[in-house]
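1. I need the structure of the sequence given here:
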Amino acid sequence: MTRPAPEDPRPEDPRPEDLGPEDLGIDDAALTVEGLSAPAAAPEGAPRTRLIACGALAREILALIRLNGWSHLDLKCLPAQLHLRPELIPDAVEAEVARARGRFDAIKVVYADCGTGGLLAKRCQELGVEMIPGPHCYSFFDGNETFAARGDAEMTCFYLTDFLVRQFDAFVWKPMGLDRHPQLRDMLFGNYTTLVHLAQVEDPALDRKAEEAAARLGLAHQRRFTGYGDLAAFLAAAR
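-> Predicted coordinates:
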C-alpha cells in the first residue's frame, strides 16, 4: 500500500525570544529611515528568492526565515517611513525589482496595498511580480478573510501592529502633529473608540506600550493576538 506524500509542514510562528533585537541585529529607527538588507543563507549557486518588503515587517520576516530554515529567501526592506508617503511606494518597489532582475530566481513583493489606492498592485502586475494579497498589513496579519468579515463592526477601531506600537511616536504622534498641538487629539481621533493592538508575539512589555498609546489617544484598548496570519503562508510559498 502506497502512503500519501506528507504535506508541507505549516510554517511556525516565532516566539518572543525569536524576535530579540539584539539577536537579529535590528534597530527600529534604522528600519524607519534606511530599511535593511539580509542576504539569503543559501550557498552560492542555489536557488534564491528576493523579497522586497516594508521595513515595518523586517523583524517578523527575519524571524520566520530563521525559525523555518528558509535559507533561499533574500530580504530587502525599504524604509518603513514610506508609509507616510504611500504615493512613493510603487516607484520605490519598481526600482528594487529592476535591481533584482537577473540576480534571483524569483522576486516577491511583501507590501499589501498600503494606501497606494491600487497603484502598487497595478505596478506589480505590469512588472510580472507577485505581491502579498490584502489592503494593508493589519488585514494580512489578522488574516484577510477574517479581517474582511469584521466589516462595519470595527469602523471605529484604530489599529497598531507590534512595529507601530514600538514606533508610535514616529508614525502616529509626531506625523499627526500631536507633539506640537495635543489639542488636535479629539478632532483627529474623536470618531474612534478603540485602539486594537494586533499582536504578533507574546510580549508583556509591548502590551503595556500599546495600553499607554491607547491612553494617550483617549481610546479604549484591546489586544488581539494574530501571530503572523497570512504572512507566514505567503513566505512559505515564496519560491
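
2. Could you pull up the contacting residues of the residue positioned nearest the centre of the chain?
-> Central residue of the chain (CA atoms, centre = their mean): residue 57, 3.5 Å from the mean position. Applying CB atoms under 8 Å, 6 or more residues apart in numbering, we find residue 57 in contact with 77, 110, 137, 163, 231. For the C-beta atoms, the positions are set from N, CA and C on the backbone; glycine is no exception.

3. Narrow these to those in strands?
-> With DSSP state E as the criterion, strands contain 77, 110 from among the contacts of residue 57.

4. Check what pLDDT the residue nearest to residue 179 when sequence neighbours are not counted gets.
-> What sits nearest to residue 179 in space, not counting adjacent residues and going by CB to CB, 6 or more residues apart in numbering, is residue 173, at 5.7 Å. Looking at residue 173, its pLDDT reads 98.

5. backbone phi and psi for residue 173, please?
-> Reported as degrees, to the nearest 10, the phi and psi values for residue 173 are phi -60, psi -50.

6. what's the burial count for it?
-> Applying other CB atoms under 10 Å, we find 17 residues neighbouring residue 173.

7. Distance of it relative to residue 222?
-> 20 Å (CB to CB, to the nearest Å).

8. surely the residue nearest to residue 179 meets residue 188?
-> No - using CB atoms under 8 Å, residue 173 is not in contact with residue 188; the gap is 10.6 Å.

9. which residues touch residue 33?
-> 79, 81.

10. same question, residue 189
-> Contacts of residue 189 (CB under 8 Å, 6+ apart): 158, 217, 218, 219.

11. Show the residue spans covered by the strands in the protein.
-> Listed in chain order, the strands of the chain (DSSP E) span 36-38, 49-54, 73-78, 106-110, 130-131, 157-161, 194-199, 220-225.

12. now for those, which one comes closest to residue 205?
-> Proximity to residue 205 (CB to CB) singles out strand 194-199 among the strands of the chain, at 11.8 Å.

13. Show me what that closest one is packed up against.
-> Packing contacts for strand 194-199, counted by 3 or more CB pairs under 8 Å, 6 or more residues apart in numbering; DSSP states H and E, involve helix 137-142, strand 157-161, helix 162-166, helix 204-217, strand 220-225.
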